[in-house]
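Asker: Next come a sequence and a model predicted from it.
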Amino acid sequence: MRTALFCWLFARKHGGRFILRIEDTDLSRSTDDNIRIIEEGMAWCGLGWDEGPVVGDPSQWRGPHGPYRQMQRMDLYRAKIQELLDRTWPTAAAAPARPSRNAARPWRPRGKVFQHNRGLDRGRAARSPTTTPASRPPSASGCPESGDIVVPDLIKGDTRFPADSLDDWIIARTGDGPGEIGVPTYNFCVVVDDTHMEVTHVIRGDDHLNNTPKQIPLFAAFGTELPAFAHVPMILGADGAKLSKRHGATSITEYQAMGLLPSAVRLALARLSWTPKIDGRAVESAEEELLTDEQMIQLFDLADCQKSAARFDMDKLQWLNQKLIQRPLAGTGAAPAALHARGLAGQGGGLEGPGHPVHPEGQVAHRHGRGPALHLRATRRVR
């Protein structure tokens, strides 16, 4: 949810569109009930999306590039895989550095998968006009024979991956019939989706950083400019250990059941890995910490996000919640002189809104089990 909040803040600050995309190709984890929990949790937290599925109705969506559930986009993925197969991408005129029995077909059936044969990428330097049709780009993969694949990142800076460390990887399982293309894998789907949805900025957890050098050659193959990447660090418990139940509630539904304010949850999540700055100075006082949504939107900058893992403090969340409850209902919260000087104070008390009563303590049943992976995109659609 912290990553979703960063997407939301970034899109709102830059006048962009916040896209919610449900990645449900892992059928063992993805159920309509799990997807509904994600959608309702984000709606409760106040993170409304501009494009994405309609809550409670899997067949409906908002936005020009739907549907926004990957299992409803299979025809597009299979067409894109077939496009690469038809081009025999990349074409090899010489023996690859790592020979293959199927050297003429880089995207090939192998058991129950279609696999990207990187050995063929290394053979492209020997291509000639007599062996490479003009309609097929001589260097479609963008995957170098040696050196590094550089992942530019707005938070971590340039991250380098040795090209020879990337093995062949699966892009799709085979279907039931001979040669039939089945369900594609994550790395292929997200590139097709980002291209089709005209995404300009990808904000996601840094557990996806190692996937990015696999995705970059696919963007090149489709002739698409790379989006800007921002990989936010993971969240640990207050003791520095992996976040778990012993550190407190770990899902939005649990926070809702505890009676916490959505504005308190947003504020606590925002401070995980992000240090807001006012005139170049990090906020310090308790009053300055009680930022409204409008203030967070104006101050949010990916450059102010830390590279290392953040630590979640349940006590801090409870403290923020108590402070927000104590706000005068007709007021707009703390407004230190520094915020007044920047014109950031007195612009509303968050999504609850000034003058509105505190949200009632909604009760929801706690759900066990893992939900589907979801990908969140903040995009300015700058063209």
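Answerer: Great, that's in hand.
Asker: wait, what's in contact with the closest residue in space to Lys214 that isn't next to it in sequence?
Answerer: Spatial nearest neighbour of Lys214, chain neighbours left out: Asn187 (5.0 Å); criterion: CB to CB, 6 or more residues apart in numbering. All C-beta atoms are positioned from the backbone trio N, CA, C, and that covers glycine. Counting by CB atoms under 8 Å, 6 or more residues apart in numbering, Asn187 makes contact with 169, 171, 211, 214-215, 218.
Asker: with those in mind, which one is nearest to Val192?
Answerer: Leu218 (8.2 Å; CB to CB).
Asker: tell me what the strand or helix carrying the closest one is packed against?
Answerer: If you go by DSSP states H and E, Leu218 is part of helix 212-221. Judged by 3 or more CB pairs under 8 Å, 6 or more residues apart in numbering; DSSP states H and E, helix 212-221 is in contact with strand 148-151, helix 186-196.
Asker: need the next SSE after the longest one, C-terminal direction.
Answerer: When you say that, I think you mean helix 186-196. strand 201-205.
Asker: what helices or strands is that next one leaning on?
Answerer: helix 2-13, strand 228-232, strand 373-379.
Asker: Next, work out how far apart the residue lying closest to Ala238 once chain neighbours are set aside and Ser28 are.
Answerer: What sits nearest to Ala238 in space, not counting adjacent residues and going by CB to CB, 6+ apart, is Asp313, at 4.9 Å. Computed as CB to CB, to the nearest Å, the Asp313 to Ser28 distance reads 33 Å.
Asker: Among the two, which residue is more densely surrounded?
Answerer: Per other CB atoms under 10 Å, whichever of Asp313 and Ser28 has more neighbours is Asp313, with 17 against 7.
Asker: Hmm, the more buried one is touching Leu236, no?
Answerer: No: with contact defined as CB atoms under 8 Å, Asp313 does not reach Leu236; the gap is 10.5 Å.
Asker: Kindly report the domain assignment for the protein.
Answerer: The chain breaks down into these domains under automatic domain parsing: 71-189, 260-360.
Asker: which stretch in these has the least confidence?
Answerer: With a mean of 63, domain 71-189 has the lowest mean pLDDT of those.
Asker: would you list every one of the strands in the stretch 1-150 of the chain?
Answerer: Using DSSP state E, counting those that start in this stretch, the strands found in the stretch 1-150 of the chain span residues 17-23, 52-54, 57-62, 107-110, 113-116, 148-151.
Asker: Sheet partners, orientation included, of the third one?
Answerer: So the one you mean is strand 57-62. Using DSSP bridges, the strands paired with strand 57-62 are strand 52-54 (antiparallel).
Asker: The residue nearest to Lys214 and Arg29: what is the separation?
Answerer: 17 Å.
Asker: hang on, the earlier thing: just so I know, which of the helices and strands packed on strand 201-205 lies nearest Tyr77?
Answerer: Of all the helices and strands packed on strand 201-205, strand 373-379 comes closest under CB to CB, at 14.3 Å.
Asker: All the helices of the chain, residue numbers only.
Answerer: 2-13, 32-44, 74-86, 118-121, 186-196, 212-221, 252-257, 262-270, 286-289, 293-299, 314-325, 337-341 (DSSP state H).
Asker: can those helices go into TSV with extra columns for distance to His65?
Answerer: Below are the helices of the chain laid out as TSV (distance: least, CB to CB, whole Å):
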stretch	distance to His65
helix 2-13	15
helix 32-44	18
helix 74-86	10
helix 118-121	30
helix 186-196	6
helix 212-221	17
helix 252-257	26
helix 262-270	27
helix 286-289	38
helix 293-299	24
helix 314-325	35
helix 337-341	38
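Asker: so which of those helices comes closest to Pro58?
Answerer: Short answer: helix 32-44, nearest of the helices of the chain by CB to CB, at 6.0 Å.
Asker: quick check: angle from the closest one to helix 262-270?
Answerer: When axes from the mean of the first three to the mean of the last three CA atoms, to 10 degrees is applied, the directions of helix 32-44 and helix 262-270 differ by 100 degrees.
Asker: For Gly182, grab the count of nearby residues.
Answerer: 16.
Asker: quick one: it and Gly175 touch, right?
Answerer: Yes: the pair Gly182 / Gly175 is scored as a contact, 4.1 Å apart, by CB under 8 Å.
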